[in-house]
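A.B. asks: here is the input, now give the coordinates:
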Amino acid sequence: MIKAGMAGFGKMGRIRAAEIAKSPVINLTAVYDIDKNILPADVHICDNFDRLLEQDIDSVFICTYNNVTAEYTKKALLAGKHVFCEKPPATTYSELKEVEEVAKSSGLVLKYGFNHRFHYSVIKAKEIIDSGSYGRILWMRGVYGKAGSIDYDKNWRNYRKYSGGGILIDQGIHMLDLMLHFAGEPFTRINSFVTSLYWKVEAEDNAFAIMQTDKNVTAMLHSSATQWRHKFLLEICLEDGFVNLDGILSATRSYAPEKLVTGRREFEDVTFAMGKPKEETTWFEYDDSWKLELEDFISAVTESAPLKHGSIDEALGVMELVDRIYRNSGVCDAH
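C.D. replies: Have a look, this model is predicted:
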């Protein structure tokens, strides 16, 4: 039985705790959060993070504000604990490089919570693309948008001292991670524009980026807090067709339905078929991504199995991209 502790018991902490409670091989035994009113009754409550590390635990789940994830991860690894850390892995690339040094000398498991890779539509899309049946990727176009809310401007995620950035590092980072996942190589040329268009917040509410790899895979990202509805769409155009990820299941189902739409290029009939290729739509009704992600962590801890996703190298890749998008847009403080 893996004995786990948790730092941060907000929305993500409670999601992770609920999944841990379903597992027969891992048990949450201690929690630390600054808000004592939200903590569960059946675990040991710690007054600070150092006390949490002193508990008889094998692993730590870090679900805190972004400004302490790197520090807590290093502390936990140095204390001999395996670590599962929520995204973003740090507020800057340089912060994460310091974590890398500790992680690679520790011999312990360090996994980051890039949950979208474990959605069934994403897994299926990756299989199709990697099979080569549609040829190589030409371009990708991703939109990840939030509806906003009446209290959006009060959320801690919009204040750089807690979050390191705005909508890009909060939600857009998931789309960037998927783009890297599908492209299979880093984006080396980047143009971007990061701005606040509507909300009176410290950090950006919109981020636009156009990126290209050395093999000319071109990707366009729009991460927005002014979509006025929840929206997730990643279109992937290949030489012989397209693979579109449309919608994604979440706890509220507000980005649902989750669909995978595939179609093949049709050049031959220039009379009636042109522009209307046959499409196939697969609907996904179940979201086991939290369970699959936890199982990935458990296998790494108990069987020394390699992580399927969420390694320190993948985290560094996406944080380098986030930093470059901010810097290219003139957002230079800390990035």
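
A.B. asks: distance check, Glu258 against Asn191.
C.D. replies: Per Cβ to Cβ, to the nearest Å, Glu258 is found 30 Å from Asn191. (Glycine included, C-beta is placed from N, CA and C.)

A.B. asks: these two - which one has more neighbours?
C.D. replies: Taking other Cβ atoms under 10 Å, Glu258 and Asn191 do not tie; Glu258 has more neighbours (23 against 13).

A.B. asks: is the more buried one in a bridge, and if so with what?
C.D. replies: Phe284 (DSSP bridges).

A.B. asks: quick one, what contacts it?
C.D. replies: With contacts defined as Cβ atoms under 8 Å, 6 or more residues apart in numbering, Glu258 is in contact with 119-121, 246-249, 283-284, 287.

A.B. asks: how about 10 Å then?
C.D. replies: Counting by Cβ atoms under 10 Å, 6 or more residues apart in numbering, Glu258 touches 119-122, 232, 245-250, 282-287.

A.B. asks: cool, and Ile2?
C.D. replies: Contact partners of Ile2, counting by Cβ under 10 Å, 6+ apart, are 20, 23, 25-29, 57-59, 82, 297-298, 301-302.

A.B. asks: same deal with Asn216?
C.D. replies: Counting by Cβ under 10 Å, 6+ apart, Asn216 touches 136-139, 189.

A.B. asks: circling back to that earlier point, of the contacts of Glu258, which belong to strands?
C.D. replies: Among the contacts of Glu258, the members falling in strands (DSSP state E) are 232, 245-246, 282-284.

A.B. asks: off-centre distance for the helix-or-strand element of the chain with minimal mean pLDDT?
C.D. replies: In the chain, no helix or strand scores lower on mean pLDDT, DSSP states H and E than helix 160-163, which sits at a mean of 87. Computed by Cα atoms, centre = their mean, to the nearest Å, the chain-centroid distance of helix 160-163 equals 18 Å.

A.B. asks: residues in contact with that helix?
C.D. replies: For helix 160-163, using Cβ under 10 Å, 6+ apart, the contacting residues are 64-68, 88, 91, 155-157, 166, 169-170, 201-204, 331, 333-335.

A.B. asks: give me the buried subset of the residues you listed.
C.D. replies: 64-68, 88, 91, 155, 157, 166, 169-170, 201, 203-204, 331, 335 (16 or more other Cβ atoms under 10 Å).

A.B. asks: and what about Ile20, helix, strand or coil?
C.D. replies: helix (DSSP: H, G, I helix; E, B strand; the rest coil).

A.B. asks: show me what contacts it?
C.D. replies: When contacts are counted by Cβ under 10 Å, 6+ apart, Ile20 is found next to 2, 4, 6, 26-28, 61, 84, 290, 294, 298.

A.B. asks: I'd like these as JSON lines, with secondary structure and pLDDT appended.
C.D. replies: Below are the contacts of Ile20 laid out as JSON lines (DSSP: H, G, I helix; E, B strand; the rest coil; pLDDT from 0 to 100):
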{"residue": "Ile2", "secondary structure": "strand", "pLDDT": "97"}
{"residue": "Ala4", "secondary structure": "strand", "pLDDT": "98"}
{"residue": "Met6", "secondary structure": "strand", "pLDDT": "98"}
{"residue": "Ile26", "secondary structure": "strand", "pLDDT": "98"}
{"residue": "Asn27", "secondary structure": "strand", "pLDDT": "97"}
{"residue": "Leu28", "secondary structure": "strand", "pLDDT": "97"}
{"residue": "Phe61", "secondary structure": "strand", "pLDDT": "98"}
{"residue": "Phe84", "secondary structure": "strand", "pLDDT": "98"}
{"residue": "Trp290", "secondary structure": "helix", "pLDDT": "97"}
{"residue": "Leu294", "secondary structure": "helix", "pLDDT": "98"}
{"residue": "Ile298", "secondary structure": "helix", "pLDDT": "98"}
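
A.B. asks: shaky segments in the chain?
C.D. replies: 268-269, 272-273, 332-335 (pLDDT under 70).

A.B. asks: all helices of it, in order?
C.D. replies: Taking DSSP state H as the test, the helices found in the chain are 11-22, 49-54, 69-78, 93-106, 120-131, 160-163, 167, 173-183, 289-303, 312-328.

A.B. asks: mind saving the C-alpha coords of the first one as CSV?
C.D. replies: I take that to be helix 11-22. Extracted in CSV, the C-alpha atoms of helix 11-22 (Å, rounded to 0.1, in the frame of the first residue of the first chain):
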residue,chain,number,x,y,z
LYS,A,11,-10.7,21.8,-6.5
MET,A,12,-7.8,19.7,-8.0
GLY,A,13,-6.8,18.3,-4.6
ARG,A,14,-10.3,17.0,-4.0
ILE,A,15,-10.5,15.5,-7.5
ARG,A,16,-7.2,13.7,-6.9
ALA,A,17,-8.3,12.6,-3.4
ALA,A,18,-11.5,11.1,-4.8
GLU,A,19,-9.6,9.0,-7.3
ILE,A,20,-7.1,7.9,-4.6
ALA,A,21,-10.1,6.8,-2.5
LYS,A,22,-11.2,4.4,-5.2
